[in-house]
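Student: Have a look at this prediction, sequence included:
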Amino acid sequence: MIRTMAVVGTGLIGTSIGLAISRHGITVHLLDKDEVAARTAAALGAGVVGASDEPVDLAVIAVPPSAVGDVLAEMQARGLARSYTDVASVKAELARDIRTSVDTPSSYVGGHPLAGRERCGPLAARADLFEDSAWVLTPSETTSQDAVNRVFEMIALCGAVPVIMESRAHDNAVALTSHAPHLVASLMAARLQRGSREAFRLAGQGLRDVTRSAVRDTGLWSDILQANAPAVAGVLRELRDDLTTLLATLDDLSNAPQDMRSQCLEPMVDLLNRGAAGLAAIQGRQATDRETRVEVLVAESPGQLVRLLDALKTFHVEAEDVVPRHSTEEGTFSITFAVPAARAGQIVLELGRAGWNAQSVDPVSGARQQKMASVLSP
């Protein structure tokens, strides 16, 4: 059982871990070469500044990927903790370095919480940052079970969901789902340097969505991309091929006579269709152990759906997360939405208490599992 912890590096992730763990009454020791950052994290309630006199149960190395190996070796030499983990978003190269440069690699298990914000630094930290998010662990053949168990406990205290992966598989996955998208957002944001005042007046939600994840901490991201260069390059080469096809199609459309343009559209339509299919694949993925769908019946009278959507905001469910459904056979209109499995029961209960007919839906069979009220609307 974890009674004491240390966090080395009090940026967004490190401070958020401290906040999440401290609320369970566990003493967290905060270390950072930037004393202001450590004291800011402590003032937020993430822990106490300075190392413990005795080894803590678990230390989290929350520094950039290129620094993890050296910091881990230093902390092990100081006897800071019994077990260690990190939060770096690149694992394979780091695992190789640690196997050769750290005295006791058995006490270390690689980790990567899949959570973050556009802002950085301790003031952006949140105790609930990791709730219902995946937290990847990449234990090696030398990792001790004690180290894994302690990290499992920390993940549970943070409200996250552990996922075991091999290091290279992890790096390939985040290249596709995180690292390359951040780069693409940055490339689009770079185009804005040439924008005019008139153009910016026309900027809407589409531009904000595309550029929202553009890299801000260029030092950290240079470090990440250096460590995961092969996997990111592979994703971007495929993107380059699609862009080449799209550019050729647009050039053909620009030069073709009006009555011939429809014949040039096929490659572009294919790309757009593949994009729509990819978006549907991630948005409409089936509920897993971490996710359950909830269905709520709605009376088809003016204002009822608006009232329900307002109520769902309490559970952090927005209108764009909702899928409407009409059953001609049953003569009902309903909406469904996905929520973390751990919260589904409570959400159904609270909606039922408010008078809504809410029930959870089995992700495989579609069968209704839990019904809380018999009225159609409050």
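Tutor: Everything's here; your move.
Student: Surely D57 is in a strand?
Tutor: Yes - D57: assigned to a strand according to DSSP: H, G, I helix; E, B strand; the rest coil.
Student: mind checking the longest strand of the protein?
Tutor: Longest strand in the chain by number of residues (criterion: DSSP state E): strand 332-340.
Student: The helix or strand following that strand: how far from the chain's middle?
Tutor: Tracing the chain past strand 332-340, the next element assigned as helix or strand by DSSP states H and E is helix 341-353. Taking Cα atoms, centre = their mean, to the nearest Å, one finds helix 341-353 lying 23 Å from the centre of the chain it belongs to.
Student: who's in contact with the longest strand of the chain?
Tutor: 131-132, 287, 290-300, 305, 308, 312, 315, 317, 321-327, 347, 361 (Cβ atoms under 8 Å, 6 or more residues apart in numbering). To be clear about C-beta, it is placed using only N, CA and C from the backbone, and glycine gets the same treatment.
Student: Give the PyMOL command for selecting the buried subset of the residues you listed.
Tutor: The PyMOL selection below is limited to those of those classed as buried (16 or more other Cβ atoms under 10 Å):
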select buried, resi 131+132+287+291+292+293+294+295+296+297+298+299+305+308+312+317+322+347+361
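Student: if you look at the contacts of strand 332-340, which of them are in strands?
Tutor: Residues of these located in strands (DSSP E): 291-297, 323-327, 361.
Student: hey, which helix or strand in this protein has the poorest pLDDT?
Tutor: Of all helical and strand segments in the chain, the minimum by mean pLDDT, DSSP states H and E falls on strand 368-371, at a mean of 48.
Student: So what's the predicted local confidence for L202?
Tutor: On pLDDT, L202 comes in at 88.
Student: Helices along the stretch 201-350 of the chain, start to end?
Tutor: Per DSSP state H, counting those that start in this stretch, the stretch 201-350 of the chain carries helices over the ranges 205-211, 218-227, 229-255, 266-283, 304-312, 341-353.
Student: and the fourth one, which residues are buried?
Tutor: Same thing as helix 266-283. So for helix 266-283, counting by 16+ other Cβ under 10 Å, buried means M268.
Student: next one: the third one
Tutor: Neighbour-count burial for helix 229-255, counted by 16+ other Cβ under 10 Å, picks out 231-232, 235-236, 249, 252.
Student: How about the shortest one?
Tutor: Residues of helix 205-211 classed as buried by neighbour count (16+ other Cβ under 10 Å): 207, 211.
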